[in-house]
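K.L.:
just to be clear, the model below is a prediction. Sequence and coordinates:
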Amino acid sequence: MLHIPPALKHRGFALLWVGLIISIVGSQMQQWALFWHISQLSKDPIAVSIVGGVRFLAVLVFSLIGGLVADRYNRRLIMLITQSTSMLVALLLGLLTFSGDIKLWHIYALTAVQAAAMAFDLPARQSLVPNLVPRRDLPSAFSLQSIAFNTGSIVGPAMSGVVIGYLGQQYVYFINTATFLAVILALLLLGPVPQSQAAVQRGLRAAWRDIRDGVLFIRHQPLILSTMILDFIATFFASANTLLPYFAQNIIHVGEVAYGWLASAPSIGAVLVGLIVSQYHNIRRQGSLLLGSVVVFGLATILFGVSRIYAVIFFALAVTGAADSVSTIIRNTIRQMNTPDSLRGRMTSVNQIFFMGGPQLGEVEAGAVAQLFSVPSAIISGGIGTILGVWLIVSLWPMLRTYNGEEATAQTAPAY
């Protein structure tokens, strides 16, 4: 029997969670519509993969700065600015598409602006969660965040196919513009949120020293570092979902609506798993569960690549989402519980380079393999690479396999 998840009993987190669900629906509509839009503007698979390269460059340039800002300044205010910026990007995409003047370079440029905003948004958002719920409810909170993301990822892609097919591409962007108002309103209703802020010292030298402290902290935390590298490897090799428009049109020959449901499939699996995990205060055997979920992710990706039956492809994608949800919840719990509050923004910003850099660079890699060989080859080789990556991580950091979740965690920032 399902109960109200512990994290939802805290008003601040509940407000943010509801706002995020609505906003993520719009963002996921836009993301998958964007891939479809590019596939209509260019028949080369590498064109959609360039989006990943653009996003990665933005994350690489701004991520560490975003983490420092999240530790130094008001995280709620940062999110208000970043969410407003993303809303403006969606509006511009809609207006350019409506006018008929949109070009590929417009999409790439606006994607870069939004990715830069998200480089500041994610460290602030992830670091804000431990300020809204007590320590023991963090697994519940992160599972609910996963549910919010994946619920949006079910409804958003499915709606994008319907909206594109019956109304037009530009209306996806306009709807996304409106959904950002939900999270902005939630942040306004949230009110002041206490947080431990790093002491602000002026000058570039002080800023560089603070960023360096965040990097050094992770270097001295093998548990956190190993999960980051595992995340990078898995998402780099198995980031072929951006090829889904080409797979849908050229391999299994389906249209916009069927494509939208395939894009939703990973999130259907993820929500089902997230609902189960959200019921628990604590998760045991976290290390082995994390590694096993990534192996399942790789196997399901291979099944996706070799299949030509719609139902089997849908099932394989749903399993990838379920496995990725387990992995994401455990990774976030490990990192946040082993990082002091004054360093959480910087830790998240370094992690952002790994977990966003992996899929964004992976999109480029998948597009290149698809261009040279075929779309199925890119997907299948990615699943194999993911499984080999798990073996590599276990070889380098065997302690991850035996981590249970009850070991001593960091309470204060270490001195270097």
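P.N.:
Thanks, I have the structure now. All of these numbers come straight from a predicted model, not from anything done at the bench.
K.L.:
other SSEs contacting the longest helix anywhere in the chain?
P.N.:
In the chain, assigned by DSSP state H, the helix with the most residues is helix 11-41. The contact analysis (3 or more CB pairs under 8 Å, 6 or more residues apart in numbering; DSSP states H and E) places helix 11-41 against helix 45-72, helix 75-99, helix 104-132, helix 138-166, helix 169-190, helix 244-246, helix 256-277. To be clear about C-beta, it is placed using only N, CA and C from the backbone, and glycine gets the same treatment.
K.L.:
TSV for those helices, including distance to Gln352 and mean neighbour count?
P.N.:
What follows is these, written out as TSV (distance: least, CB to CB, whole Å; neighbours: other CB atoms under 10 Å):
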stretch	distance to Gln352	mean neighbour count
helix 45-72	5	22
helix 75-99	13	19
helix 104-132	5	21
helix 138-166	15	24
helix 169-190	19	20
helix 244-246	24	23
helix 256-277	20	22
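K.L.:
dump those into a markdown table; add mean pLDDT as well.
P.N.:
Below are the helices and strands packed on helix 11-41 laid out as a markdown table (pLDDT from 0 to 100):
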| stretch | mean pLDDT |
| --- | --- |
| helix 45-72 | 79 |
| helix 75-99 | 93 |
| helix 104-132 | 88 |
| helix 138-166 | 79 |
| helix 169-190 | 92 |
| helix 244-246 | 79 |
| helix 256-277 | 80 |
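K.L.:
wait, which of those helices is closest to Ser381?
P.N.:
For Ser381, the closest of the helices and strands packed on helix 11-41 is helix 45-72, at 14.4 Å, according to CB to CB.
K.L.:
hey, what's the angle from the closest one to helix 11-41? Just curious.
P.N.:
Put simply, helix 45-72 runs at 160 degrees to helix 11-41, going by axes from the mean of the first three to the mean of the last three CA atoms, to 10 degrees.
K.L.:
and the nearest residue to Thr82 once chain neighbours are set aside, what is it in contact with?
P.N.:
By the measure of CB to CB, 6 or more residues apart in numbering, the closest residue to Thr82 outside its immediate chain neighbours is Asp121, 3.7 Å from it. With contacts defined as CB atoms under 8 Å, 6 or more residues apart in numbering, the neighbours of Asp121 are Gly66, Ile78, Met79, Thr82, Gln83, Ser86.
K.L.:
isn't the last one up against Ala117?
P.N.:
Going back to what we said before, that points to Ser86. Yes. With contact defined as CB atoms under 8 Å, Ser86 reaches Ala117; the gap is 5.4 Å.
K.L.:
ok, back up a step: give the buried residues for the longest helix of the chain.
P.N.:
For helix 11-41, burial by neighbour count (16 or more other CB atoms under 10 Å) applies to 12-39.
K.L.:
of the contacts of Asp121, which is the nearest to Ile229?
P.N.:
Nearest to Ile229, judged by CB to CB, of the contacts of Asp121 is Gly66 at 20.5 Å.
K.L.:
contacts only, for that closest one.
P.N.:
Gly66 neighbours (CB under 8 Å, 6+ apart): Ala119, Phe120, Asp121, Leu122, Pro123, Ala124, Gly345, Ser349, Gln352.
K.L.:
now tabulate the residues you listed in CSV and tack on distance to Leu317.
P.N.:
Formatted as CSV, those follow (distance: CB to CB, whole Å):
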residue, distance to Leu317
Ala119, 28
Phe120, 31
Asp121, 27
Leu122, 24
Pro123, 29
Ala124, 31
Gly345, 33
Ser349, 30
Gln352, 25
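K.L.:
separation between Gln28 and Phe35?
P.N.:
11 Å (CB to CB, to the nearest Å).
K.L.:
now for the nearest residue to Gly67 once chain neighbours are set aside, how many residues are close by?
P.N.:
Counting by CB to CB, 6+ apart, Ser349 is the residue found nearest to Gly67 once chain neighbours are left out, at 2.3 Å. Neighbour count for Ser349, taken as other CB atoms under 10 Å: 30.
K.L.:
so Ser349 makes contact with Leu64?
P.N.:
Yes. Taking CB under 8 Å as the definition, Ser349 is a contact partner of Leu64 at 5.3 Å.
K.L.:
now do Gln169 against Met87, distance only.
P.N.:
Applying CB to CB, the value for Gln169 to Met87 is 18 Å.
K.L.:
meant to ask about Pro245, not that
P.N.:
From Pro245 to Met87 the distance is 25 Å (CB to CB).
K.L.:
same check, this time on Ile4
P.N.:
31 Å.
K.L.:
likewise for Gly382?
P.N.:
33 Å.
K.L.:
Ala178 too?
P.N.:
9 Å.
K.L.:
cool, and Ile384?
P.N.:
Taken as CB to CB, the span from Ile384 to Met87 is 40 Å.
K.L.:
does Phe98 touch Leu167 like I think?
P.N.:
No. Using CB under 8 Å, Phe98 is not in contact with Leu167, being 11.3 Å away.
K.L.:
and stretch 249-256, which residues are buried?
P.N.:
Buried residues in stretch 249-256 (16+ other CB under 10 Å): Gln249, Ile251, Val254, Glu256.
K.L.:
lowest pLDDT pick from those residues?
P.N.:
Among the buried residues of stretch 249-256, Glu256 carries the weakest pLDDT, at 76.
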